[in-house]
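> Fold the stuff below for me.
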Amino acid sequence: HYRGQTKVRTFPLEIHGCDAVEIGDKIVSEAGNGTILAVARVSERTLKVLSTLKIEASESQNLKLEQNDACQIHVLPLPYAIT
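Residues are numbered from 1 along each chain as shown. So this is what the prediction gives:
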């Protein structure tokens, strides 16, 4: 049976200052990598995405897109509690 802890979850993110973000793009941080699962454009320079991230990476203020490190990425609050 499974004895480990969940280390990767899906998180909502907001990305500012990027023109092109696609499903499958990588998000990098000192805590590990994540992958973009879904993308929705909110405005000309703002996107909301769902991404897999390690739990430690979701607490980082230093998330970057692998192909464009100038984009600003912010983890949005989850609409539910994790217990």
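
> and the gap between residue 45 and residue 69?
For residue 45, the distance to residue 69 (CB to CB, to the nearest Å) stands at 16 Å. The way it works is simple: take the backbone N, C-alpha and C, and place the C-beta from them, glycine included.

> Kindly apply the preceding question to residue 28 instead.
8 Å.

> Settle it for me: which of these two has more neighbours?
Under the neighbour definition other CB atoms under 10 Å, residue 28 and residue 69 were set side by side, and residue 28 has more, 16 against 11.

> doesn't residue 67 make contact with the more buried one?
No: counting by CB atoms under 8 Å, residue 28 stays clear of residue 67, with 9.9 Å between them.

> how much space between the most centrally placed residue in the chain and residue 3?
The residue at the geometric middle of the chain, judged as the C-alpha nearest the mean C-alpha position with CA atoms, centre = their mean, is residue 51 (4.3 Å). From residue 51 over to residue 3 the distance is 27 Å, taken as CB to CB.

> the helices in the chain, which residues?
Using DSSP state H, the helices of the chain run over residues 55-58.

> so where do the strands sit in it?
Taking DSSP state E, the strands of the chain run over residues 8-16, 26-29, 32-43, 46-54, 64-65, 72-75.

> Quick one: residues contacting the spatially closest residue to residue 18 that is not a sequence neighbour.
Setting aside the residues directly before and after it, residue 18 is nearest to residue 71 in space (CB to CB, 6 or more residues apart in numbering), at 4.1 Å. By CB atoms under 8 Å, 6 or more residues apart in numbering, the residues touching residue 71 are 15-18, 21, 64-65.
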